[in-house]
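Colleague: Curious how this folds, go ahead:
(chains A and B)
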Protein chains: 2
Amino acid sequence: MSLASLSRDELTALHEHQTKAYDQLVERGLRLDLTRGKPAAAQLDLSNALLALPGEGDYRDVSGADCRNYGGTQGLLEIREIFAELLNVPVGQLVAGDNASLSIMHDTLVYSLLKGAVDSARPWAQEEKITFICPVPGYDRHFALCEQFGIEMVTVPLGPDGPDLDAVRELVANDPSVRGIWVVPTYANPNGAVYTEEVTRALVSMPAAAADFKIFWDNAYAVHHLTDRQAPALDVLGLAEEAGNPNRVFLFASTSKITFAGSGVSFFAGSPPNVDWYLKHLSKRTIGPDKLNHLRHARFLRDADGVRDLMARHRSIIEPKFQIVTDILAKRLGDLEAATWTDPDGGYFISLDVADGTATRVVALAKAAGIAMTGAGAAFPYGNDPRDRNIRIAPTFPSPDELADAIEGLSVCVLLAATEKLLAD
Amino acid sequence: MSLASLSRDELTALHEHQTKAYDQLVERGLRLDLTRGKPAAAQLDLSNALLALPGEGDYRDVSGADCRNYGGTQGLLEIREIFAELLNVPVGQLVAGDNASLSIMHDTLVYSLLKGAVDSARPWAQEEKITFICPVPGYDRHFALCEQFGIEMVTVPLGPDGPDLDAVRELVANDPSVRGIWVVPTYANPNGAVYTEEVTRALVSMPAAAADFKIFWDNAYAVHHLTDRQAPALDVLGLAEEAGNPNRVFLFASTSKITFAGSGVSFFAGSPPNVDWYLKHLSKRTIGPDKLNHLRHARFLRDADGVRDLMARHRSIIEPKFQIVTDILAKRLGDLEAATWTDPDGGYFISLDVADGTATRVVALAKAAGIAMTGAGAAFPYGNDPRDRNIRIAPTFPSPDELADAIEGLSVCVLLAATEKLLAD
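Modeller: Numbers count the residues shown, from 1 in each chain, chains lettered A, B, ... in the order given. Model (predicted):
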């Protein structure tokens, strides 16, 4: 029996029921936070061995270099070898950096703006306008980078296997101000989309009005599987080369949600000219990354299978949390068809679409009841969700009990807002 | 008996003698590197306890925050407290970052270019021209940053207690394109200059044509004393505030030459508006620094006295190396007055001025004899030493024996080039 099919009397009864439920919720005085995709303490504990690594006598890399000293801009070979396999890129085209791939994205934008990218006619900052395509819902920090640097954003809808390709094709082919598209190819933040090889081939091969059009390929969740349907890391650099657009892809990744969120290793990959370009500019900024952190990670992770084993242990902690969310949403909202949500095969988020025009109200109701959710619209450029319906749920950080409380409470808010809206219409 | 006073015959005899000495030097087939100011392995060994810190159960800071997770853009309080005392800045105005203060300098330039600094009318990238004052000799990586971003550089002479203030005053007062001056206030790279309080007061108080004129105060060697004449860290932020120019100073520092050169902690300080400005832009780039590295350093260094003790141990390793250099230079070049050099009270360098017009030749001769020196002119913008006389000596990295060999060899090259030049004139 869907909400839409209820009579006005039934709606009124449901609204009264939810109002009471909400009052009880507020009375409980919860203090729960589902705002950010942070690993739980139990996940961080999996990597506690890192806290005493590399260990007192251990500071030389495989080449014999003293990792305590300056140098080595591209990062340690041993950590690059592990992630070259996992990310499916040639190790020579992989750079290991410090603790945040967001910083590498920021810096590639900065270098493009102030110096120009490979294949740019001039620095982007000297162009009248730079535009990025933003598949939505998407990652708020990507959009914040564009906003920071005055890069215009145009949205395209993101489906379960990639963005609306016709919309992307038209923008890329006809608008020379379009210089980038944000892509989270594996278990996208927040809707769990997995870009297929077919979609990827289309993106790397489509004609572009701008010679320096770049795909910002943020493979943040490459190994973050929640099921046995494990999405492979596509050979996006090889596909781009094959399509005759070798310099089109900037690839990013990190261990932030593999080891320690605040103290991991980040990665950049691209064509050899893109890597040369990145390292040339990076070498003005630093004399080298924290190589001891690379060594620490290489000693702890050992090899690609070491990472896979670790991710299986993460899965065993967080898969039940995703299950809690989808179970409660199904029980509370499913029959009423009061919302739709994703059931991702990996990553860190569930994307919840509530009744049109009610997401802001739902988040406000939840906040007043002590349940902090990411702001409504956060998954859209400028925070502007045109249908005001999308809410991002980050299930990993709270305990299972807290999470269940939060989602039960959130469901009350969803129904209260929906019935309010239907009664007001 | 100075070179200048020699007769032509005496000169010819000296030249022949040096030519033979140089041939013998080349035959020795040395492989020595004095190019960069890198700590020696024995110095790095002083901090080897860091390699196993913070240790397996230890990941919470003084506030109870889990340092393994995201967050904490300003950096850990405990490491900021230690360096607030050493750098003589309020702890609330100090930011702790990742492993390279050069990166913070880079980023403050980037933010100024793309967003504008506090007190800027518009982003610097939108100005016709941006000019920085470069006291020379100075630090090549500072100049490389300016060159990278198309910032014009004008030089002023740097004496033992600061730059030519009249020259600086005139530029700052009259040229609105002048937005910055590079300052290494303590034991400057490479000439060991120590900015006095009087000079510092003049710099922070002089009238400026540009409201957003900044002093890039790179206190890289604040605690790197080589003698008991220990230069104090001046309260430059307080002096700037007192002078009515609170936002004029960006302060930088790091532990690169205190703990591990590649894996240290960097610092930024400024007025509260400057710190807010820096953190606002930084928070687009990262969700936080490597807080575990902050914790690791706080555990190891303990407090400001822990740093002072550690620096005393550094001094005991490198002071004899500086002595080797100045002893050999005095013995080989002193009586002949064939060069002048600094005898710094701290820092990492000795600045050698050879006969005008011969520095490039000396470095080439040394290179052919297997002694790698920093390129002639490196201490000048665009690598252009107008008198072609300055050579930077970095004594810390080689062993004492290697260092002695290198400086003996370098002295031969200096005399050979000088006699060549005098005979050709």
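Colleague: got the residues of the stretch 151-300 of chain A near chain B?
Modeller: Residues of the stretch 151-300 of chain A lying close to chain B by C-beta under 8 Å from any C-beta of the partner chain are A:256, A:260-263, A:281, A:284-293. Where C-beta positions appear, they are placed from N, C-alpha and C, glycine not excepted.
Colleague: hmm, which of those are the buried ones?
Modeller: Among those, those classed as buried by 16 or more other C-beta atoms under 10 Å in any protein chain shown are A:256, A:260-263, A:281, A:284-293.
Colleague: Out of the residues you listed, name the ones that lie in strands.
Modeller: Using DSSP state E to define strands, no part of those is located there.
Colleague: Show me chain A divided up by domain.
Modeller: Taking automatic domain parsing as the reference, chain A has its domains at A:3-43+A:308-424, A:67-302.
Colleague: Check the ones you listed for me and report the most buried one.
Modeller: Each of these was scored by mean neighbour count; the highest is domain A:67-302, a mean of 21, by mean count of other C-beta atoms under 10 Å in any protein chain shown.
Colleague: Run the chain-centre distance for it.
Modeller: From the chain centre to the centre of domain A:67-302 is a distance of 12 Å (C-alpha atoms, centre = their mean, to the nearest Å).
Colleague: What distance separates the opening and closing residues of it?
Modeller: Terminal residues of domain A:67-302 are spaced 17 Å apart (C-alpha to C-alpha, to the nearest Å).
Colleague: Please determine how far the residue in the stretch 101-250 of chain A positioned nearest to chain B is located from A:G270.
Modeller: Using C-beta to the nearest C-beta, the single residue of the stretch 101-250 of chain A nearest to chain B is A:H106, 4.2 Å away. Going from A:H106 to A:G270 by C-beta to C-beta, to the nearest Å gives 16 Å.
Colleague: ditto for A:L11
Modeller: A:L11 sits at a distance of 55 Å from A:G270 (criterion: C-beta to C-beta).
Colleague: which residue ranges form the helices in the stretch 301-425 of chain A?
Modeller: Counting by DSSP state H, counting those that start in this stretch, the stretch 301-425 of chain A has helices at residues A:304-329, A:359-368, A:400-424.
Colleague: do you know which of those lies nearest A:A21?
Modeller: Set against A:A21 and scored by C-beta to C-beta, the helices of the stretch 301-425 of chain A come closest in helix A:400-424, at 4.7 Å.
Colleague: what pLDDT, on average, does the closest one get?
Modeller: Helix A:400-424 shows a mean pLDDT of 97 in the predicted model.
Colleague: Stretch A:114-132 now?
Modeller: Confidence over stretch A:114-132, taken as the mean pLDDT, stands at 98.
Colleague: cool, and stretch A:303-319?
Modeller: In this model, stretch A:303-319 has a mean pLDDT of 98.
Colleague: Contacts for it, please.
Modeller: Judged by C-beta atoms under 8 Å, 6 or more residues apart in numbering or on different chains, the contacts made with stretch A:303-319 from elsewhere in the structure are A:39-40, A:42-43, A:46-47, A:82-83, A:85-86, A:223-227, A:257-259, A:300-301, A:395-396.
Colleague: One more: stretch A:54-62?
Modeller: With C-beta under 8 Å, 6+ apart as the test, stretch A:54-62 has contacts from A:66-68, A:72, A:76-78, A:291-292, A:294-296, A:299, B:44, B:48-49, B:51-52.
Colleague: For it, what is the distance to the chain centroid?
Modeller: The chain centre lies 33 Å from the centre of stretch A:54-62; the measure is C-alpha atoms, centre = their mean.
Colleague: if I look at the residue positioned nearest the centre of chain A, how far off is A:I151?
Modeller: Per C-alpha atoms, centre = their mean, the C-alpha nearest to the average position across chain A is that of A:N189, at 3.8 Å. From A:N189 over to A:I151 the distance is 19 Å, taken as C-beta to C-beta.
Colleague: where does chain A have its least confident helix or strand?
Modeller: When the helices and strands of chain A are compared on mean pLDDT, DSSP states H and E, strand A:32-34 comes out lowest with a mean of 91.
Colleague: Sitting in helices, which of the residues of the stretch 151-300 of chain A next to chain B do you find?
Modeller: Assigned to helices by DSSP state H, the following of these qualify: A:H281, A:K284, A:R285, A:K291, A:L292, A:N293.
Colleague: Show me which pair in those residues is furthest apart.
Modeller: A:H281 and A:L292 (23.8 Å).
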